[in-house]
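*Asks:* this one's structure only:
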C-alpha cells in the first residue's frame, strides 16, 4: 500500500494527539469530524479538486442531519465534489474506505456518466449523496446509486425510511446494503457467487482488499458491553478458502470504530495495524503475516497518549508506523509528541524492524 495521507501532525502535532485534540475541539464547537467519502477513497497525497464552473445538479433535500428526525432548515449548497481517485490510489487505512455492512436508503440509480459525485455529508447524513455501485460487491457495474443515511442498526434505517416515504412519496425508496467495499478498483482476484454462498466471511465483511495474491476481508462487531472486535481474514484469491484470521479486541465507548491500516512489508508479508482511541489514549496492535506460509512473523502492541494537558502519558515517546522514505513500506518511528521530532526510525529487514543510522 501507499504512504499515509499528510495530516496536521506531520507539522509537529502527533498523529495520536490529533484525534484527541480534534475530539476536544468537536465538543467545543459541536461539529462532528468528517470521514472521507466512501465512494471516492483519497489518494495518498491529497490534491485540490479541479475548478468547476457548472456543478452537477444536486438531488432535492431530504430529511435531516440525524438519521431519524426530519430537517426544518433549508438545505445547504452542495459541497464541491472531489476528483475521482485513480485505481490503486486508496489510503492504506480503512477509516477512508467504504463500509459495505452499513444500511442505506436508496433513492435511485443511474448509469455512470463519469461526472464527480455528490459526497456524503457527516453534518447532514440524510442529504442525498452518491456512490459508485461497481466499488461494492453487491452493486452493479457502471452504476451510480443515490442514497441517504448510513445506519449500523436496521431499526434506525426503518424509522428513517418512513420519514423519507412521507416526504418523498414518488422516490420509491428502499433499504439496501451494497456489500463489501472492493479494493483496489482494478482487481485480479474475483469473488464468485459460489464463494459468496459457501464462505460466510464474505457476507459479513465491510471491505475486501486484494493484497499479495490473496483477499483480505475486514469486519467489526458492534460495541456491546464495553467491548468490540475487529477481524481481518486472509482468504484464497477466489474467496473459497480462509487461510488465517487476525482478531483484535478493544474496549469501546460507541464513538468511533477501530481503524485498521494494511501494508506490504515485503513480497508475501502483510502488516495489519489496528488502532483505537479511548479516553485520550490510542492503543495500537500490530501483526505481520507471511500469507504464503500462513504464519505470523511479527507482533507488537503499544499505546500513545493524547498529548493534551493533564494526560499522564502526554510526555512519553510516541510510536507509529510511517513511510518515512516514501518507498511504500512503513518504518517503525519513535518521536517526541510535542515537537514530532523523530528519535528512532526502524526499517523492515529480514523479518524484523532494524534501527537505521539516522532518524
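*Replies:* That came through fine. Bear in mind that the values here come from a model prediction, so they are computed numbers and not experimental data.

*Asks:* Stretch 204-222: how far from the chain's middle?
*Replies:* Relative to the chain's own centre, stretch 204-222 is displaced by 12 Å; criterion: CA atoms, centre = their mean, to the nearest Å.

*Asks:* buried ones in it?
*Replies:* For stretch 204-222, burial by neighbour count (16 or more other CB atoms under 10 Å) applies to 204-212, 214-220. In this view, the C-beta of every residue, glycine as well, is placed from N, C-alpha and C.

*Asks:* what about stretch 248-260, average pLDDT?
*Replies:* The pLDDT scores in stretch 248-260 average 83.

*Asks:* again with stretch 174-190
*Replies:* For stretch 174-190, the per-residue pLDDT averages 93.

*Asks:* Show me which positions of that stretch end up buried.
*Replies:* Under the neighbour-count criterion of 16+ other CB under 10 Å, stretch 174-190 has 175, 177-185, 189 buried.

*Asks:* next one: stretch 224-235
*Replies:* 228-235.

*Asks:* Contacts made by it with the rest, please.
*Replies:* The contact list for stretch 224-235, computed with CB atoms under 8 Å, 6 or more residues apart in numbering, reads 199, 201-202, 205, 214-222, 241-253, 257-258, 260, 262, 270, 272, 274, 289, 291, 294.

*Asks:* Helices - which of the residues you listed land there?
*Replies:* 201-202 (DSSP state H).

*Asks:* Of the contacts of stretch 224-235, keep whichever come out buried.
*Replies:* 199, 201-202, 205, 214-220, 242, 244, 246, 248, 250, 252, 257-258, 260, 262, 270, 272, 274, 289, 291.

*Asks:* and those residues, which of them are in strands?
*Replies:* Those of these mapping onto strands are 214-220, 242, 244, 246, 248, 250, 260, 262, 270, 272, 274, 289, per DSSP state E.

*Asks:* quick revisit: of the buried residues of stretch 204-222, which is the nearest to residue 144?
*Replies:* Checking those against residue 144 by CB to CB gives residue 207 as the nearest, at 19.8 Å.

*Asks:* The closest one contacts residue 93, correct?
*Replies:* No - contact criterion CB atoms under 8 Å: residue 207 and residue 93 do not qualify, at 11.2 Å.

*Asks:* Identify the contacts common to the two.
*Replies:* Contacts common to residue 207 and residue 93, judged by CB under 8 Å, 6+ apart, are absent.

*Asks:* So which bits of the strand or helix carrying residue 333 are buried?
*Replies:* Using DSSP states H and E, residue 333 sits within strand 331-335. For strand 331-335, the neighbour count (16+ other CB under 10 Å) marks 331-333, 335 as buried.

*Asks:* ok, the residues you listed vs residue 120, which is closest?
*Replies:* Distance to residue 120 across the buried residues of strand 331-335 (CB to CB) is lowest for residue 333, with 32.1 Å.

*Asks:* contacting residues around the closest one?
*Replies:* 319-322, 324, 342, 344-346, 359.

*Asks:* which SS class is the residue nearest to the spatial centre of the chain?
*Replies:* In the chain, the centroid-proximal residue (CA atoms, centre = their mean) is residue 95; its distance is 2.1 Å. In three-state terms, and counting by DSSP: H, G, I helix; E, B strand; the rest coil, residue 95 is helix.

*Asks:* pLDDT at it, what is it?
*Replies:* pLDDT at residue 95 comes out at 90.

*Asks:* same question, the one 4 residues further on
*Replies:* Residue 99 carries a pLDDT score of 90 in this model.

*Asks:* And the helix or strand where residue 148 lies, what does it pack against?
*Replies:* If you go by DSSP H and E, residue 148 is part of strand 143-151. Counting contacts by 3 or more CB pairs under 8 Å, 6 or more residues apart in numbering; DSSP states H and E, strand 143-151 packs against strand 103-111, strand 129-132, helix 154-167.

*Asks:* can you list the weak-confidence ranges in this protein?
*Replies:* Within the chain, the stretches with pLDDT under 70 are 1-89, 254-255, 306-315, 357-359.

*Asks:* hang on, the earlier thing: what's the following helix or strand after the strand holding residue 333?
*Replies:* strand 342-349.

*Asks:* Which other helices and strands does whichever helix or strand comes after that next one contact?
*Replies:* Proceeding N to C from strand 342-349, the next assigned helix or strand is strand 352-355, under DSSP H and E. Counting contacts by 3+ CB pairs under 8 Å, 6+ apart, strand 352-355 packs against strand 342-349.

*Asks:* Walk me through which strands the strand it packs on pairs with, and which way each runs.
*Replies:* strand 331-335 (antiparallel), strand 352-355 (antiparallel) (DSSP bridges).

*Asks:* in the last one, what's buried?
*Replies:* What it means is strand 352-355. residue 353.

*Asks:* Check stretch 127-145 too.
*Replies:* For stretch 127-145, using 16+ other CB under 10 Å, the buried residues are 127-137, 139, 144-145.

*Asks:* Farthest-apart pair in the residues you listed, please.
*Replies:* 127 and 137 (25.7 Å).

*Asks:* List the contacts of residue 222.
*Replies:* Residue 222 makes contact with 152, 228, according to CB under 8 Å, 6+ apart.

*Asks:* Alright, I will stop here.
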